[in-house]
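[1] all I have is the shape, not the residue letters:
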């Protein structure tokens, strides 16, 4: 009997003024049983400078961080070291919007802009090289809100 296991990770890193959010899902597909096994998921927030991204979305890098994950099959937690690099591919797409509203003495105004670029990614989880994925992306969002009463 041929049994095929394919491990697929999902990694999301978001840097803001407050710090860096890291989400990690790792799951393995068991072709014999036709289901996912050994699914692990975790989240961490850090104020450490562990993530950098180029303003023109050419590249990004997550330095080696330890993410605590929960294993849904064993009901236990473990620490997985994670690191990744992204390289922008293709053109950068941009968009923006603004909104203004006045109601008597109350005024509200908001603006937002975003940039997006496809990316290839390389990395490792638990010191296992993941190879290259062409399903990554680099994003940049800026939002501003003002509300005031006269």
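    Perfect, I can see it now. Remember, predicted model here, so these are calculated numbers, not experimental data.

[2] for the rest of this, base every contact and every neighbour count on C-alpha atoms.
    Will do.

[3] give me the low-pLDDT residue ranges for this protein?
    Residues of the chain that meet the criterion pLDDT under 70 lie in 1-7.

[4] mind redoing it with 90?
    The chain contains residues with pLDDT under 90 at 1-9, 26-39, 72-74, 126-135, 149-150.

[5] Provide the strand pairings for the longest strand seen in the chain, with the direction of each partner.
    Looking across the chain with DSSP state E, the single longest strand is strand 128-149. Strand pairing for strand 128-149, determined by DSSP bridges: strand 106-125 (antiparallel).

[6] from the middle of its chain, how far away would the strand it pairs with be?
    11 Å (C-alpha atoms, centre = their mean, to the nearest Å).

[7] which stretches of this structure form strands?
    Assigned by DSSP E, the strands in the chain fall at 5-15, 20-30, 35-46, 51-53, 59-71, 76-88, 93-103, 106-125, 128-149.

[8] for beta bridges, what are the partners of residue 20?
    Beta bridges link residue 20 to residue 15, residue 46, judged by DSSP bridges.
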